[in-house]
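J.: Make a model of this:
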Amino acid sequence: MKTSQIAPEEGIKTQSSTSTTHSEASIFAQSSILKRTSTGISSTFGAAKARYWKIANVAFIIGAGMSFFDVACDVLMVREFYLNEQMKSAAATIVTILLSLALQSIVVILQNIKRKRHTVIKELLFVWTFLKPGVDVYRVLKGNEQQVGTTFTPHTEMVYVRGVELTVECIPCVIIQTLAFVSGYQSLIAVVSLASGILTAATISTSISIELDCNPESRSHAGNFYGFVPLKSLPRTVLVCLLHVIMSACQLAAKAFALALANMESTTAVPVYLVAEVLLMFAYKLATGDFTYWIPIENRPVSIFASSLIRFGCKIVLDFTGIVHVRHPLEFGGAYVCFTIFTTPFICLYFGYRYLSFVSSPSVASLLPHVFSSSSVYGSIITLTVLQFFSFLLFLRTINSSHLSTFITVQTGPQYIASQFRNSNVDSSKVVILAKNRVLWRGVEEEVKSWINVSIYKWLEEKPDFFTEHIKQSITNDLVEDERALKLLRGAGGDEEGV
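T.: Model (predicted):
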C-alpha cells in the first residue's frame, strides 16, 4: 500500500458518523486502502473512486495552467511598470516572484532533506524553471509513493508548493497591481493582469480545499471532517466549487482594494495591519498550546521556524481568500475561519472610510493622481463584500449538512490527534499519528508506545499494507521496548528514490 495514506489531510476514521455521511461514505469506504496501478489509479477503491480522484485533481491541473498564465501576466506587468517609470512596483513584483521560488525551494529541501544531493538538485531545478506545479500534478495523478527519506507525500508537497505560490506571489502581486490601479495606472493590460491574478488566486485556494476534501483516503479515514463536497450530485459539486471561487475572488478583491486605499493615506498602514493580524494569530496559537505545525521535523529550531513560516502563510491565504480547508483543527479551526470571513466586510469598510476622510480635504485631493468618490469606494466595497458574504452562506447551504459542525469547531491540533487516535479501532488508521510532529501527540505518547509494542510482532509477521518503509522509519527506537523486535524492524528496508 502507498504511504500517501499518512498525508496531513488524512485523519483517522472515528466510530461516530451521521446518516448523511453514510450515503457518501458508501462510495469511498469499501476499503481503507487506495492503490494505484501503473497508469496511476488503482481499482481497489473501484471505478467510481478513481473517477472522483481524477475529477478532484482536474482543479489542480487547471490551477497549474493558470499559474503559468499568471506568471506571464506578471512578467508583462514588470515591463509595463518599467516603461511607465514605476520602478518600485516593478521591483516589488520581481521580489515576490523570486521570494516565491525561494520559499518553494525551502519546501523542496524540507521534503528531501534526507535524500541524496542529486535528487535535491533535480527538485530545485523543477522549481526555478517554473515546472514544479506541472511536475507535482503529474506525480499525484500517476500515483507516486512517498519515498523513503521524504518528509511528506507527493500530494502534500503539491499542496504546500501551491500554498507558497498563493501566499507570496499571487496575493502580493494582486496587492501591488491594485496599488498601481488606485494610483491611476488603469491601462487595459493592467486590468487584465489584475483580473488574472485575482482569478488565479481564487482558483488555487478553491482547488486546494476541494481536492483535499475529495481525496478518497481522507474521506475513508476521516469522514467526520472530510466530505463536505456533495459528490453524489454533480450539479451541487460544481456549485460548491463555483461558490468558493466567487467567495475567494470577492474577498481578495475587496481586501486588496481596501488596503490600497489605506496605503494612499499612509504607506505604513498595510504592513502595520498585516503584522498586527499575524501577531494576534501567533498569540492565539501560543495561548492554546497549538503553535507547532504537524510536519514531523525532529530538529526543534527547524520545526519552530517551519511552523512560524507555514502559520504565517496560512494566515495570509485565509485573510485574503477565505480558504475553507484551514478550518481543520491542525490548521486554525472552523470558528477562527468563520470569524475571519465574517469580519472582512467591516475591515474593508473601515479602510474605505479612512480613505474618504483623508481625501475630503481639497488640499490633499489635489496632490493625488486619482481620487475615488464616496459612491465608488462604498459601492465597490459593499458589492464585493455582499457577494463574498452571501456566496459563503450559500456555500454552507449547498455542502453536506453533516459537515457544518466543522465550520464552528474550536478543537486544537493536539486535541484532534489524541481523539482520532483513541477513537480509532484499526491499526491502519492509528498509524497516521506517526506522520505528525511528536510535540503534538506527547499527551498520548505512552498510549502510542504501548500500542506499537503490542502490535509490532504482528506487523512484522503479517506485513500489512500500511506497514511501509516510511512507517518503519517513523517508529523511532525509543518507541520499541523489545530489542529483538527493534532488530527485525531495522533489518528490513531500502532507500529507493522515485522520479
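
J.: wouldn't Ser100 be in contact with Gly163 here?
T.: No: counting by Cβ atoms under 8 Å, Ser100 stays clear of Gly163, with 10.7 Å between them. In this view, the C-beta of every residue, glycine as well, is placed from N, C-alpha and C.

J.: Over to Phe410: give its phi and psi.
T.: Residue 410: Val, not Phe. Here is the backbone geometry of Val410 (degrees, to the nearest 10): phi -120, psi 10.

J.: who's in contact with Thr200?
T.: Gly63, Met66, Ser67, Phe69, Asp70, Cys170 (Cβ atoms under 8 Å, 6 or more residues apart in numbering).

J.: for stretch 81-94, which positions count as buried?
T.: Phe81, Gln86, Ser89, Ala90, Ala92, Thr93 (16 or more other Cβ atoms under 10 Å).

J.: Show the average pLDDT along that stretch.
T.: Mean per-residue pLDDT for stretch 81-94: 88.

J.: got the CA positions of that stretch in PDB?
T.: Provided in PDB are the C-alpha atoms of stretch 81-94 (Å, rounded to 0.1, in the frame of the first residue of the first chain):
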ATOM      1  CA  PHE A  81       5.900  49.300 -14.900                       C
ATOM      2  CA  TYR A  82       9.400  49.900 -16.200                       C
ATOM      3  CA  LEU A  83       8.100  51.600 -19.400                       C
ATOM      4  CA  ASN A  84       5.900  53.900 -17.200                       C
ATOM      5  CA  GLU A  85       8.800  54.600 -14.800                       C
ATOM      6  CA  GLN A  86       7.000  52.800 -11.900                       C
ATOM      7  CA  MET A  87      10.200  51.300 -10.700                       C
ATOM      8  CA  LYS A  88       9.000  50.400  -7.200                       C
ATOM      9  CA  SER A  89       6.100  48.400  -8.500                       C
ATOM     10  CA  ALA A  90       8.300  46.600 -11.000                       C
ATOM     11  CA  ALA A  91      10.900  45.800  -8.300                       C
ATOM     12  CA  ALA A  92       8.300  44.700  -5.900                       C
ATOM     13  CA  THR A  93       6.800  42.300  -8.500                       C
ATOM     14  CA  ILE A  94      10.200  40.800  -9.200                       C
END
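
J.: Ala287: neighbour count?
T.: 9 (other Cβ atoms under 10 Å).

J.: now swap in Ser183 and tell me
T.: 16.

J.: just checking, it touches His370?
T.: Yes: between Ser183 and His370 a contact is recorded at 6.5 Å, counting by Cβ under 8 Å.

J.: Overlap in contacts, these two.
T.: With contacts taken as Cβ under 8 Å, 6+ apart, Ser183 and His370 have no neighbour in common.

J.: Now do Ser366 against His325, distance only.
T.: Applying Cβ to Cβ, to the nearest Å, the value for Ser366 to His325 is 47 Å.

J.: In terms of packing, which of the two has more residues around it?
T.: His325 (23 against 9).

J.: Show me what the mean pLDDT comes to for stretch 273-282.
T.: 93.

J.: What count of nearby residues applies to Glu483?
T.: For Glu483, using other Cβ under 10 Å, the count is 8.

J.: Poorly predicted segments of the chain, please.
T.: 1-64, 141-144, 492-499 (pLDDT under 70).

J.: What's the PyMOL syntax to select whichever of the contacts of Thr200 are buried?
T.: Filtering the contacts of Thr200 down to the buried ones (16+ other Cβ under 10 Å) takes a single PyMOL command:
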select buried, resi 63+66+67+70+170
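
J.: can you name the two of the contacts of Thr200 that are farthest apart?
T.: Phe69 and Cys170 (11.7 Å; Cβ to Cβ).

J.: Ends of stretch 276-296, what's the gap?
T.: Terminal residues of stretch 276-296 are spaced 29 Å apart (Cα to Cα, to the nearest Å).

J.: how far is that stretch from where the chain is centred?
T.: Centre-to-centre, stretch 276-296 and its host chain are 16 Å apart (Cα atoms, centre = their mean, to the nearest Å).

J.: Okay, buried residues for it please.
T.: Taking 16+ other Cβ under 10 Å as the criterion, stretch 276-296 shows Glu277, Val278, Met281, Phe282, Lys285, Asp290, Phe291, Thr292, Tyr293, Trp294, Ile295, Pro296 as buried.

J.: can you redo the buried residues of stretch 81-94 as TSV with distance to Trp451 and secondary structure?
T.: Formatted as TSV, the buried residues of stretch 81-94 follow (distance: Cβ to Cβ, whole Å; DSSP: H, G, I helix; E, B strand; the rest coil):
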residue	distance to Trp451	secondary structure
Phe81	59	helix
Gln86	61	coil
Ser89	56	helix
Ala90	57	helix
Ala92	52	helix
Thr93	52	helix
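
J.: Which of these sits closest to Ser429?
T.: Thr93 (45.7 Å).

J.: Excluding chain neighbours, what is closest to that closest one?
T.: With sequence-adjacent residues excluded and distances taken as Cβ to Cβ, 6 or more residues apart in numbering, Thr93 is closest to Val78, at 5.1 Å.

J.: and that neighbour, how many residues sit next to it?
T.: Residues lying near Val78 (other Cβ under 10 Å) number 19.
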